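> Got a sequence here, can you model it:
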Amino acid sequence: MDDDFVLDIDEIMKSIDAAEIMSVFFPTFRKAVVIDTRSNATDGPMIRLMPMAASPQERLRSIRRLRPGFPRVHGLTLIPWTRYVDSLVSLGLWDRIVRRFKDAGQTEAVEACEKTLSELRQLEKEEFAAVVRGENYHTIWSVRD
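Presented below is the predicted three-dimensional model:
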């Protein structure tokens, strides 16, 4: 599942630091972590595991529906992640996300991040098991008799 694409980690880190709303999506198991750092008097930041959206516009619509008390979103940072879930941790990206909430004193958001990471790990484990069982996968080349 890890690929050989070169990642610009510094650029991703800058995006994480600056993004108001971001979606880290995992095409392998068709899920996305949607992070909305905005908060108001009644609602704190949102960290939620969601189905992968078909387009950025669809993702923005889903955020508007989930958070109607917030102004319209004009920007969305998208981070496709085709590597292992734990590479987010080993490369320091997940800690960078969590640190944004720690620094803001958003303890509920920090807890949501940890829960989401645990869910991502479980999804990845289930996907590996599906590969071994051959579920949702097809053989490209087969042995000829």
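> So Val132 belongs to a strand, correct?
No: read with DSSP: H, G, I helix; E, B strand; the rest coil, Val132 is helix and lies in no strand.
> That one: how many residues sit nearby?
8 (other Cβ atoms under 10 Å). Backbone N, C-alpha and C define where each C-beta goes, glycine included.
> same deal with the one 10 residues further on?
When neighbours are counted by other Cβ under 10 Å, Ser142 registers 7.
> Now do the SS call for it.
Following three-state DSSP, Ser142 is assigned to coil.
> Equivalent analysis for Arg99, please.
Quick answer, by three-state DSSP: Arg99 is helix.
> give me the number of residues near it?
Residues near Arg99, counting by other Cβ under 10 Å: 15.
> Mind listing what's buried along the helix or strand harbouring Arg64?
Arg64 is part of helix 56-66, with elements assigned from DSSP states H and E. Residues of helix 56-66 classed as buried: Arg59, Leu60, Ser62, Ile63 (neighbour count, 16 or more other Cβ atoms under 10 Å).
> Stretch 76-84 too?
Buried residues in stretch 76-84 (16+ other Cβ under 10 Å): Leu76, Thr77, Ile79, Trp81, Arg83, Tyr84.
> Can you give the strand pairings for the host helix or strand of the third one, parallel or anti for each?
Secondary structure from DSSP H and E places Ile79 in strand 77-80. For strand 77-80, sheet partners with direction are given as strand 21-26 (parallel), following DSSP bridges.
> any idea of the mean pLDDT for the partner strand?
Strand 21-26 carries an average pLDDT of 96.
> Stretch 114-127 too?
Mean predicted lDDT for stretch 114-127 stands at 95.
> got the contact list for that stretch?
The contact list for stretch 114-127, computed with Cβ atoms under 8 Å, 6 or more residues apart in numbering, reads 1, 26, 28-29, 31, 33, 47-49, 84-86, 88-89, 94, 98.
> Would you write out the PyMOL command that picks the buried residues out of those residues?
The following PyMOL line selects those of these that are buried, judged by 16+ other Cβ under 10 Å:
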select buried, resi 26+28+29+31+33+47+49+84+85+88+94+98
